[in-house]
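> Any chance you can model this:
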Amino acid sequence: MFKKTLSLILILGVITLIGAVPFSAETPVVVSFGSNEAPLLGDANADGSVDITDATCIQRYLLEIPLPFSFDLNLADADEDGYITILDTTYEQRWLINIASNDNIGKPADIWLDKNTADHYDTTFSGDMVIYEIHPDYFMARPVTSLPSDFKIHGKLGDDWHLGDQIWCTYNNVYHGFNFDYYNCEREEGWLVSIKPSTFVPDPYVCYKPVIYLYPEEETEVNVQLDLNGEFLYTYPAYEDGWTVTAAPDGTLTDNSGKTYPYLFWEGKLNADYDLSKGFCVKGEDTEAFLKEKLALLGLSEKEIADFTEFWTEHMENNPYNVISFQTDAYTDAAQLNVSPAPDSVIRVFMTWYASDEAVDVPAQELTAPARTGFTAVEWGGQMIK
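Below you'll find the predicted structure:
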C-alpha cells in the first residue's frame, strides 16, 4: 500500500512539468552505458532493477537537479519515443502499480545506439533506403548509395515490404553516432514519419545484392571467404576476415552473438570483363516471367527466385526491352568464393543487364545448373551495366 501511495504522490507532484528535454541537456552526472550485462528498460540509474528511484531520477534530470547516482539516457526512455519527458516518469509509475503501461519496461532494453554519447537532431530527414531487417516495431536499413551507414527506423512496416526492398523514408528525432567495430561507420536511428516506394536507380558500376545462402545437411559452423578483384562497399553481417556462422539445414545463419540472418549479404565494385556475346532480349513487361523461368534452370529454389525477382523486377519491368546475360567465369574469377567445410554443390548466379529502347538481336545463352545435393551453397546477384 505504501508503494502505491508513494507512486501516486509522485505522479501528482510532477504533473506541472511540461515539454521535452533533449538528451543533450547538461547534467553533472557521468553516465555509464553498458554497465549491466542485461540492461533493463526503465532502469534510469542502471542499478539492475526498475523501482521508484528510477522515476525520481528522471524527475530530477528534467529539473536539472544534480543526481547522486548515474543516469542512463538509453534506459530512462520508458515510453521509447526518443525523448526524456514527464511521460517517462508516468509510464514507470504506472508500471510499478500494475496499471497498463509500456510492456517493455523491466525487460532487457533493445539498445542499438548509445544515446548517452550520440548527437541528437530534431530535424526531419528523407532518403532512399534498402531494408535488411524487419522487426515488429522497427526496421533496419541502409542508404542505397552503398555508404557504410546503418539506420534503425522506429515504426511498423506493412506486409508489402520485404528484406532487400528499396524504400523512401522520411524520419525525424535522429540520434547519430559511431560504431568503431563496424568499419568505423556512421550509425543513426530515427522515428518514421512516412514511407513510399524508392526513387533509387542502380549504379552501373556496383554489384547489387549478391547474397549467399548456406544449406548444410546438419547444423554446421561454416567459414565463408570472398576474394574480390575490386572492393566491398557494404557487407552484412560485417565481413571481418570472412564470415563465420553456424548454418542450419533450413538456411538460417547464426553468428557468435546469437543473431540470425537469412543469408550473407555484400555489395561492391568488381574489375570484371563481362561476356555479353550471348544472352536474351526481353520485353520489360515480360521480365518477371522470364527471370522465374531462367532462374529455375540455373538451379535456384522458389524462395531464392522470389528474393531475386523481388529485388530486380521493379528496376527492369518498365523498360521497353532488357538485354540480359548471366555471367559465369567472368564473374566467378573476379569474385572468388571459398567455403569451409567445402559444399557438395555450389550454385552462383550473376545477372548483367541493360535497358534498350528497341529489340536487340543476341544469340541465346544456354543455361544449366549442377544438381543440388548434400551441403549446398547458393549465391545470386546482379549489375546494371552501360
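
> what's the longest helix in the chain?
Using DSSP state H to define each element, the chain has its longest helix at helix 302-316.

> Which positions within it qualify as buried?
Buried residues in helix 302-316, counted by 16 or more other Cβ atoms under 10 Å: 304-305, 307-309, 311-316. C-betas here are computed from N, CA, C, even on glycine.

> what's it in contact with?
For helix 302-316, the surrounding residues in contact (Cβ atoms under 8 Å, 6 or more residues apart in numbering) are 162-166, 197, 201-202, 208-209, 211, 213, 284, 287-288, 291-292, 295-296, 300, 322, 349, 351, 353, 355, 378, 380, 382, 384.

> Where does pLDDT dip in this structure?
By pLDDT under 70, the low-scoring segments of the chain are 1-37, 145-148, 178-187, 199.

> Break it into its domains for me.
The chain breaks down into these domains under automatic domain parsing: 2-96, 119-197, 208-384.

> Check the offset of the longest helix of the chain from the chain's centre.
Helix 302-316 sits 19 Å away from the centroid of its parent chain (Cα atoms, centre = their mean, to the nearest Å).

> all helices of the protein, in order?
Residue ranges of the helices in the chain, as given by DSSP H, are 2-13, 52-62, 73-76, 86-96, 287-297, 302-316, 329-334.

> could those helices go into CSV alongside distance to residue 177?
Compiled in CSV, those are given as follows (distance: least, Cβ to Cβ, whole Å):
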stretch, distance to residue 177
helix 2-13, 32
helix 52-62, 20
helix 73-76, 11
helix 86-96, 21
helix 287-297, 40
helix 302-316, 30
helix 329-334, 35
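
> Among these, show me which one is buried the most.
Mean neighbour count (mean count of other Cβ atoms under 10 Å) peaks for helix 73-76 among the helices of the chain, with a mean of 25.

> which residue packs closest to residue 318, ignoring adjacent ones?
The spatially closest residue to residue 318, leaving aside those adjacent along the chain, is residue 284, at 5.7 Å (Cβ to Cβ, 6 or more residues apart in numbering).

> give the contact list for that neighbour.
316-322, 355.

> how much space between it and residue 271?
Distance from residue 284 to residue 271, counting by Cβ to Cβ, to the nearest Å: 30 Å.

> how about the strands of the stretch 1-150 of the chain, start to end?
With strands called from DSSP state E, counting those that start in this stretch, the stretch 1-150 of the chain shows them at 119-121, 125-134, 138-143, 150-154.

> what sits against the closest residue to residue 189 other than its chain neighbours?
The shortest distance from residue 189 to any non-neighbouring residue, by Cβ to Cβ, 6+ apart, is to residue 152 (3.9 Å). Residue 152 makes contact with 112-113, 138-140, 188-190, according to Cβ under 8 Å, 6+ apart.

> Tabulate the strands of the stretch 1-150 of the chain (CSV), appending distance to residue 369.
As requested, these are exported to CSV (distance: least, Cβ to Cβ, whole Å):
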stretch, distance to residue 369
strand 119-121, 49
strand 125-134, 27
strand 138-143, 31
strand 150-154, 34
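
> Quick one, which of those gets closest to residue 83.
Comparison of these against residue 83 by Cβ to Cβ identifies strand 119-121 as nearest, at 9.1 Å.

> Sheet partners, orientation included, of the closest one?
strand 166-179 (antiparallel) (DSSP bridges).

> Just the buried positions in the partner strand, please.
For strand 166-179, burial by neighbour count (16+ other Cβ under 10 Å) applies to 166-169, 171, 173-175, 177.

> ok and the longest helix of the chain relative to strand 166-179, angle-wise?
Orientation check (axes from the mean of the first three to the mean of the last three Cα atoms, to 10 degrees): helix 302-316 against strand 166-179 gives 100 degrees.

> quick one, helix 302-316 and helix 287-297 angle?
The directions of helix 302-316 and helix 287-297 differ by 150 degrees, with the same axes, to 10 degrees as the criterion.

> Can you give me every residue that contacts residue 320?
Residues in contact with residue 320, defined by Cβ under 8 Å, 6+ apart, are 283-284, 355-358.

> Mind doing that once more with 10 Å?
Shown in contact with residue 320 (Cβ atoms under 10 Å, 6 or more residues apart in numbering): 283-285, 355-359.

> if I pick residue 291, what's in contact with it?
Counting by Cβ under 10 Å, 6+ apart, residue 291 touches 282, 298, 300, 305, 308-309, 312-313, 316, 322, 324, 351, 382.

> run the last query once more with 7 Å
Applying Cβ atoms under 7 Å, 6 or more residues apart in numbering, we find residue 291 in contact with 308-309, 312-313.

> could the domains of the chain go into a markdown table alongside distance to residue 106?
Formatted as a markdown table, those follow (distance: least, Cβ to Cβ, whole Å):
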| stretch | distance to residue 106 |
| --- | --- |
| domain 2-96 | 5 |
| domain 119-197 | 17 |
| domain 208-384 | 21 |
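
> wait, which of those is closest to residue 104?
Of all these, domain 2-96 sits nearest to residue 104, with 5.0 Å by Cβ to Cβ.

> What residues of stretch 266-276 count as buried?
Neighbour-count burial for stretch 266-276 flags 266-270, 272, 275-276 (criterion: 16+ other Cβ under 10 Å).

> I should have written stretch 127-138 there, sorry.
For stretch 127-138, by 16+ other Cβ under 10 Å, it's 127-132, 138.

> For residue 248, state which of these is nearest.
Ranked by distance to residue 248 (Cβ to Cβ), those are led by residue 132 at 19.7 Å.

> so that closest one touches residue 236, yeah?
Yes. Using Cβ atoms under 7 Å, residue 132 makes contact with residue 236 at a distance of 5.6 Å.
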